[in-house]
Structure formats: C-alpha cells, structure tokens
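Undergrad: Prediction below, plus the sequence it came from.
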Amino acid sequence: MKKRSENILRLFKKHFSDEPVLVQSPGRINLIGEHTDYNDGFVLPAAIDKNILFAMAPNGIDKIRLVSADMDQTYETGIADHYQNAGQSWVNYILGVVEQVQKKGKPVRGFDCVFGGNIPIGAGLSSSAALEGGVLFGLNELFRLDFSLLEIALMAQAAENQFVGVQCGIMDQFASIHGKEGHALKLDCRTLDFSLYPVKTDIVDILLCDTKVHRELATSEYNVRRSQCEQGVKTLQKHESGIQKLRDVSHELLEFHKQEMAEIVYRRCRFVVNENQRVLNACDDLESGNIESFGQRMYESHYGLRDEYEVSCRELDLLVEITENLDSVLGARMMGGGFGGCTINLVKKGNMQEIKETIAGIYRTNLNSDVEFYEVNISEGTGLADPGELI
C-alpha cells in the first residue's frame with residue numbers, strides 16, 4: 001500500500017499545490033446473510049484490506065477538481081446547488097455525496113481530490129461504497145462538518161439511491177465505514193444497531209473465487225425476489241398484524257400458513273427466514289470460537305440460495321461443490337446478489353496455494369474457463385491514513 005499512497009500523493013502534487021489529507025476507504029465482504037437486508041433482517045459483513053486511497057485538500061476557488069488515478073481521467077465543475085449526471089460513472093458517485101452534504105445544510109467549498117484503489121471492479125466487493133464513504137469522510141475532515149459515521153454511511157447510501165440510481169441497501173456503506181480489524185459486524189438492517197464478533201484469523205484465511213461472470217440478471221431478478229418476499233408478508237399479515245417484513249416471521253408461522261401462498265413465494269420466504277436465523281447462529285459460533293460450525297452454515301446458506309432463492313449459477317455452484325471434499329476448506333458459499341460474482345471461502349492456514357491450484361484445475365477442466373482469486377484480510381473501516389504507517 002505504501003507504493004500506492006506514494007503514487008496518489010505524487011499525482012496530487014503534480015496536479016495541485018495544497019497539502020492534502022490522506023483517507024483510506026475499504027471494500028467489504030459478507031460472511032453470511034444474503035438477501036436479508038431488504039427484509040429488515042441481519043447481515044454479517046466485514047471491511048477488507050482492499051481499498052481506495054484519497055488525497056484531498058480545500059482549494060479556495062469554489063471548484064471541485066477530481067483526478068482518478070486508475071482511469072487516468074480528470075473532471076472539474078463549479079460548486080452548485082444541483083448537479084447533473086456527469087456521464088462518467090465514477091464522477092457521479094462523488095457528485096452524489098457532495099449533493100447529500102448540501103441537502104443536510106452544510107457548506108461544501110471547493111476541494112481537490114486524487115484517488116486510486118485496488119478493489120476489483122465488478123467482483124461484488126463494493127468499490128462504489130468505498131468511493132462514496134471515502135469522499136464523505138474526507139469532506140467531513142476538511143470542512144469540519146461534524147457528521148457521525150452513521151450519518152456518513154446513510155448519506156453514502158442516499159447518494160447511490162438518489163443520484164446514481166442504484167437502489168442498494170445500507171450494508172455496503174455501513175460495513176465499509178464501521179469495519180473493525182479482525183472482526184465481523186452483525187448489522188440489524190432495521191435499527192442499524194451493530195455488534196462486533198471476532199473472526200479467528202489465526203486459524204483461517206479468506207479466499208474469494210471470482211467467476212468473472214457478468215451478473216446480467218442480478219437487477220431484474222433482485223426486484224422479482226423482493227416482490228415475492230412482499231407477497232409472502234401480505235399473506236402472513238392477515239394472521240399477525242405486527243408483521244412488517246420477513247424479519248418478523250418465525251419458521252413455525254411460515255410453515256403453518258404455507259398452503260396459502262404460491263409454492264415459489266413460500267420457498268423464497270423460507271430461505272429468508274432460515275437465512276436470518278443462520279446469521280444469528282453464526283454469530284454465536286464466532287463468539288464461542290467454533291469456526292467449523294460457522295463454515296457449515298456458510299454451505300447451508302449457499303444451498304438455500306441455490307435451491308430456494310434460485311439466484312446462483314453453474315459457475316458459482318461448481319466452485320462451492322469443489323470445496324465440499326477439501327478438508328482444508330471449512331466453509332464456502334456464493335456472495336452477493338447472485339447470477340455471478342464471487343464465492344467466499346474459509347481456508348485453513350497454510351493451505352492457500354494448494355487450494356487455489358485445486359480449484360483452478362477442476363474449474364478449467366469442467367468449464368474451460370479460468371477463475372480469479374483474491375486473498376483478503378479483515379481490516380479497519382474508513383479513516384485517515386498516515387503515509388508513513390502504510391505498508
């Protein structure tokens with residue numbers, strides 16, 4: 001990271017004259033708890049050591065001047081009351097968060113920003129949330145805006161919903177902002193209360209296997225699944241007036257009334273109810289240090305996503321199936337919305353290279369395609385970075 005930070009600072013000095021602050025904002029993984037967020041349930045994400053670095057400073061000229069080191073692109077606009085779509089996707093994330101600050105009645109003056117990262121794009125590691133949160137954190141520092149971390153996470157989500165036009169939940173921004181090294185974060189998506197649970201990183205490493213499959217169905221099918229969950233809730237509300245989302249539904253209540261639902265709606269609801277409980281049980285596993293039990297719940301999560309929620313694909317299923325007979329893999333599942341992206345795997349220490357070679361060989365033999373690997377560690381959330389301490 002030190003080389004990256006030196007490059008970002010070098011670029012800043014090339015384009016601008018002021019002395020910047022340096023901010024790091026990480027991507028995230030989700031250990032377990034998929035499609036529970038929009039059902040007001042629980043998720044278990046963690047920030048990772050793949051991040052975006054930002055060099056930022058006020059410029060005193062009422063202009064926003066941006067440099068993307070990775071894209072080798074620049075952008076400049078004046079401070080305004082309202083911003084138009086810039087046509088460059090990375091710019092829209094930044095303009096969106098500036099607009100959110102202004103909606104809060106806080107002044108944003110001109111600033112310069114150079115940024116670059118090593119979060120793989122399109123792998124489901126939330127590079128957009130890292131970009132939003134990092135810029136907001138930097139603006140909060142530069143202009144003494146006094147936003148809390150929760151406010152920053154909520155504004156980052158609002159920017160993506162309202163300006164970029166992606167109707168994401170809160171998990172990505174929250175995990176990136178609030179992450180804690182060595183800990184997973186159990187987030188209650190209804191109340192936004194959270195608790196930290198230690199992950200035994202002395203026993204396991206985390207490996208992501210990227211199918212490189214473009215998730216063409218993810219958006220449309222996401223909306224279908226969300227509608228099916230809402231249909232199930234409407235049926236159950238006839239019997240329990242206190243039910244707002246599937247978060248409020250017990251397994252027993254769902255089973256008792258399943259004949260009143262279309263079979264496919266019942267299966268969608270059953271997955272969410274069970275997955276929500278799996279998150280709670282998985283947290284108990286982490287608290288007791290039972291990483292083997294935690295890993296088994298990851299497999300159960302994948303089977304539910306594959307068979308009940310039906311958001312997996314052949315590539316993801318094969319990656320999980322390969323690990324089922326590998327003693328060095330304690331748990332594996334697809335991660336994210338589905339229809340492509342990555343699997344997340346818990347690998348016993350000291351076995352990483354062997355596991356990667358095995359997975360790569362079988363995957364290529366079966367699909368005539370290559371899988372890409374990312375080794376990640378659980379890291380701190382968004383914050384100021386000291387160039388001298390980055391390694």
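TA: Perfect, I can see it now.
Undergrad: From now on I want contacts and neighbour counts done on CA atoms only, so please keep to that.
TA: Noted.
Undergrad: neighbours around the closest residue to F174 other than its chain neighbours, how many?
TA: Nearest non-adjacent residue to F174, counting by CA to CA, 6 or more residues apart in numbering: A153, 5.2 Å away. Neighbour count for A153, taken as other CA atoms under 10 Å: 26.
Undergrad: same deal with D248?
TA: Neighbours of D248 (other CA under 10 Å): 15.
Undergrad: Next, the contact list for it, please.
TA: Counting by CA atoms under 8 Å, 6 or more residues apart in numbering, D248 makes contact with G242.
Undergrad: any idea how far it lies from D49?
TA: Distance, D248 to D49, by CA to CA, to the nearest Å: 35 Å.
Undergrad: go on, K106?
TA: 31 Å.
Undergrad: Who has more neighbours out of those two?
TA: D49 (21 against 17).
Undergrad: Pretty sure that one sits against E375.
TA: No. Under the criterion of CA atoms under 8 Å, D49 makes no contact with E375, lying 9.4 Å away.
Undergrad: Can you get me a residue count around the closest residue to G304 other than its chain neighbours?
TA: The shortest distance from G304 to any non-neighbouring residue, by CA to CA, 6+ apart, is to F271 (5.9 Å). Neighbour count of F271, defined by other CA under 10 Å: 22.
Undergrad: Tell me who's in contact with F271.
TA: By CA under 8 Å, 6+ apart, the neighbours of F271 are G304, L305, E308, Y309.
Undergrad: if you look at those, which of them are in helices?
TA: Assignment to helices by DSSP state H places the following of the contacts of F271 there: G304, L305.
Undergrad: Name the member of the contacts of F271 with the most neighbours.
TA: Going by other CA under 10 Å, L305 tops these with 24 neighbours.
Undergrad: show me the contacts for that one.
TA: Counting by CA under 8 Å, 6+ apart, the residues that L305 touches are F271, V311, S312.
Undergrad: could you redo the last one with a cut-off of 10 Å?
TA: 34-35, 268, 271-272, 275, 299, 311-312, 333-335, 337-338 (CA atoms under 10 Å, 6 or more residues apart in numbering).
Undergrad: Then A86?
TA: Counted by CA under 10 Å, 6+ apart, A86 has contacts Y75, T77, N92, Y93, L95.
Undergrad: just checking, it is part of a strand?
TA: No. Counting by DSSP: H, G, I helix; E, B strand; the rest coil, A86 falls outside a strand, being coil.
Undergrad: Leaving out sequence neighbours, find the closest residue to V43.
TA: In this structure, V43 finds its nearest non-sequential neighbour in G33, 4.5 Å apart by CA to CA, 6+ apart.
Undergrad: do you know how far the one you found is from F42?
TA: 6 Å.
Undergrad: shouldn't H15 be in contact with V114?
TA: Yes. Using CA atoms under 10 Å, H15 is in contact with V114, at 8.8 Å.
Undergrad: which of the two has more neighbours?
TA: Using other CA under 10 Å as the criterion, H15 and V114 rank with V114 on top: 26 against 15.
Undergrad: If we ignore the residues flanking it in sequence, what's nearest the more buried one?
TA: In space, V114 is closest to V67, 4.6 Å off (CA to CA, 6+ apart).
Undergrad: In contact with the one you found, which residues?
TA: 8, 11-12, 15, 54-55, 73-76, 91, 112-116.
Undergrad: One more: D18?
TA: Going by CA under 10 Å, 6+ apart, D18 touches F12, M56, A57, P58, N59, D112.
Undergrad: cool, A175 as well?
TA: 26-30, 43-48, 126, 129-130, 153, 184-187, 194, 380-382.
Undergrad: 6 Å instead?
TA: For A175, the contact set (CA atoms under 6 Å, 6 or more residues apart in numbering) comprises A46, A47.
Undergrad: Now do it against K258, distance only.
TA: Distance, A175 to K258, by CA to CA: 35 Å.
Undergrad: do Q353 as well
TA: 46 Å.
Undergrad: Show me which residues of stretch 81-101 are buried.
TA: W90, V91, N92, Y93, I94, L95, G96, V97, V98, E99, Q100, V101 (16 or more other CA atoms under 10 Å).
Undergrad: so how far is it off the chain centroid?
TA: 21 Å (CA atoms, centre = their mean, to the nearest Å).
Undergrad: Tell me which stretches of this structure form strands.
TA: 21-32, 42-58, 63-68, 73-78, 111-117, 183-188, 194-198, 204-210, 329-335, 342-348, 372-376, 383-384 (DSSP state E).
Undergrad: Any chance of the ones you listed in a markdown table with mean pLDDT and distance to L319 as columns?
TA: Output for the strands of the chain, formatted as a markdown table (pLDDT from 0 to 100; distance: least, CA to CA, whole Å):
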| stretch | mean pLDDT | distance to L319 |
| --- | --- | --- |
| strand 21-32 | 97 | 16 |
| strand 42-58 | 97 | 21 |
| strand 63-68 | 97 | 34 |
| strand 73-78 | 96 | 36 |
| strand 111-117 | 97 | 27 |
| strand 183-188 | 98 | 23 |
| strand 194-198 | 97 | 26 |
| strand 204-210 | 97 | 8 |
| strand 329-335 | 97 | 8 |
| strand 342-348 | 97 | 7 |
| strand 372-376 | 97 | 11 |
| strand 383-384 | 96 | 34 |
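Undergrad: Out of these, which is closest to F147?
TA: strand 383-384 (13.3 Å; CA to CA).
Undergrad: what lines up beside the closest one in the sheet?
TA: Strand pairing for strand 383-384, using DSSP bridges, gives strand 21-32 (antiparallel).
Undergrad: now the partner strand against strand 342-348, angle please.
TA: 80 degrees (axes from the mean of the first three to the mean of the last three CA atoms, to 10 degrees).
Undergrad: Any buried residues in strand 21-32, and which?
TA: V21, L22, V23, Q24, S25, P26, G27, R28, I29, N30, L31, I32.
Undergrad: one step back: kindly present the contacts of L305 as TSV, with separate columns for distance to V371.
TA: Listed next are those as TSV, based on distance: CA to CA, whole Å:
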residue	distance to V371
E34	22
H35	25
R268	29
F271	28
V272	29
E275	27
Y299	20
V311	19
S312	16
R333	15
M334	14
M335	15
G337	19
G338	16
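Undergrad: Alright, that wraps it up for me.
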